[in-house]
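> only geometry, no sequence info:
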């Protein structure tokens, strides 16, 4: 993986995924390794983000590296009309690695083609967010002690959520059984269901969020966004019918853990937060170790 | 194939060049634009909405003094997978060729996703050709990874 950009989760084989997770485990045990000393990392966020940007910057700081960059396009030369190509061609002179979030789909792949240093995609529009997927996989493996043969329930916006699409594809390497729980208008797109059929994996679709979660090992919750609905009343009705509450967890398996890429709005009731099954905040911490592992392996330091 | 009692198509024969037959009639103008035929200065004749057992209605293009390389002609396989080429030398068919769907196409079609980088910055499109049902193909954008259907594909 040395010098190879990470643009899409599909760029990583099953072996690459497992190698990265093993490396992340090492960083969790010993996070204070000054591997990035003397390295400069550009963090280019053309679109605002809290978790992804801060966890990358935290990972870089803990590893002794320096961060340069910007947190929104307003503070970059894009404001003056500079093209993405020119920004990347300029910035790659100043750094050893570029981390980029951009609102246009495919921007990260393009950046990796014009850059002379590796690029890590921190989200390109609705397309890919591979470091999120790797931290989701890390969280699943850590809580279940395996990635194989798990029952994964995905809940909420399955149509537009890039995190669910990437996770679905990555988990298809591990004989997963899927349950898709969503309003009819936000169903899992056909292309992903076809992908699972071709791989011979089982999935079920549900519109009711009820006791079907009793077999789940992992529930992956997502936010239903207002802008996906043309009718605001429909949105109000829908968002309240896909809410996870503590009393729904009574008959669930003891190893069940609840994940969420965050930010949440109301889809996980706060009464779930104290449950041992709630894992979304530790999941965010795992993002730091996973990103340490990704950067170290791309820079050939591990 | 043609019944000898039926009147034949009156398109003059060419001395040297290429005849492209079995183009689906509805895609004739897309084929013309994909091959850049509007820029050619030699004689071109075409017929369209001709009855065809296989295609329903087909189109045919006769190009005088024009010969194609495989990589140039194969891109029309996306919309005319049954197209056949007759290479004419001195009024005789010297070679027959079929088109083959390429694995990758560059800079011909527009990505159907308005939020794709190729529709917003000066980036050439690249697609991977993927099989779909009924011998059809779909295009997966190398950049945004979204699928563009060849039926609604826009050609530059």
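Everything's here; your move. Just so you know, these numbers come straight off a predicted model, no measurement behind them.
> So which residue is dead centre in chain A?
When chain A is reduced to its mean C-alpha position, the nearest residue by Cα atoms, centre = their mean turns out to be residue A:132, at 2.0 Å.
> no no, chain B
Against the mean C-alpha coordinate of chain B, by Cα atoms, centre = their mean, the closest residue is residue B:76 at 2.9 Å.
> Would you agree the residue nearest to the centre of chain A is in contact with residue A:170?
No. With contacts counted by Cβ atoms under 8 Å, residue A:132 stays clear of residue A:170, the gap being 10.5 Å. The C-beta positions use only the backbone N, C-alpha and C, and glycine is treated the same way.
> who's in contact with the residue of the stretch 101-250 of chain A found nearest chain B?
The shortest separation between the stretch 101-250 of chain A and chain B is 2.7 Å, found at residue A:106 (distances taken as Cβ to the nearest Cβ). Listed by Cβ atoms under 8 Å, 6 or more residues apart in numbering or on different chains, the contact partners of residue A:106 are A:124-125, A:127, B:111, B:116-118, B:123, B:141-145.
> how many other residues sit next to the residue of chain B found nearest chain A?
Scanning chain B for proximity to chain A using Cβ to the nearest Cβ identifies residue B:143 as nearest, at 2.7 Å. Number of residues near residue B:143 (other Cβ atoms under 10 Å in any protein chain shown) recorded here: 28.
> Same question for residue A:236.
If we define neighbours as other Cβ under 10 Å, then residue A:236 has 11 of them.
> and if you look at residue A:111?
When neighbours are defined as other Cβ under 10 Å, residue A:111 has 26 of them.
> what does the one 10 residues further on give?
By the criterion of other Cβ under 10 Å, residue A:121 has 26 neighbours.
> Show me which residues of the helix or strand harbouring it are buried.
Residue A:121 belongs to strand A:119-124 when elements are defined using DSSP states H and E. Along strand A:119-124, the positions that meet the burial threshold by neighbour count (16 or more other Cβ atoms under 10 Å in any protein chain shown) are A:119-124.
> likewise stretch A:88-101?
Applying a neighbour-count criterion of 16+ other Cβ under 10 Å, one finds A:88, A:91-92, A:95-101 buried in stretch A:88-101.
> Go through whichever helix in chain A runs longest and flag the buried ones.
In chain A, ranked by residue count with DSSP state H as the criterion, the top helix is helix A:280-298. Buried residues in helix A:280-298, defined by neighbour count with 16+ other Cβ under 10 Å: A:280, A:283-284, A:286-298.
> Do a quick rundown of the helices in the stretch 51-200 of chain A.
A:51-62, A:84-91, A:107-114, A:130-144, A:162-171, A:190-199 (DSSP state H, counting those that start in this stretch).
> would you turn the ones you listed into TSV with mean pLDDT?
TSV is the format used below for the helices of the stretch 51-200 of chain A (pLDDT from 0 to 100):
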stretch	mean pLDDT
helix A:51-62	95
helix A:84-91	96
helix A:107-114	98
helix A:130-144	98
helix A:162-171	94
helix A:190-199	91
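> Done for today, thanks.
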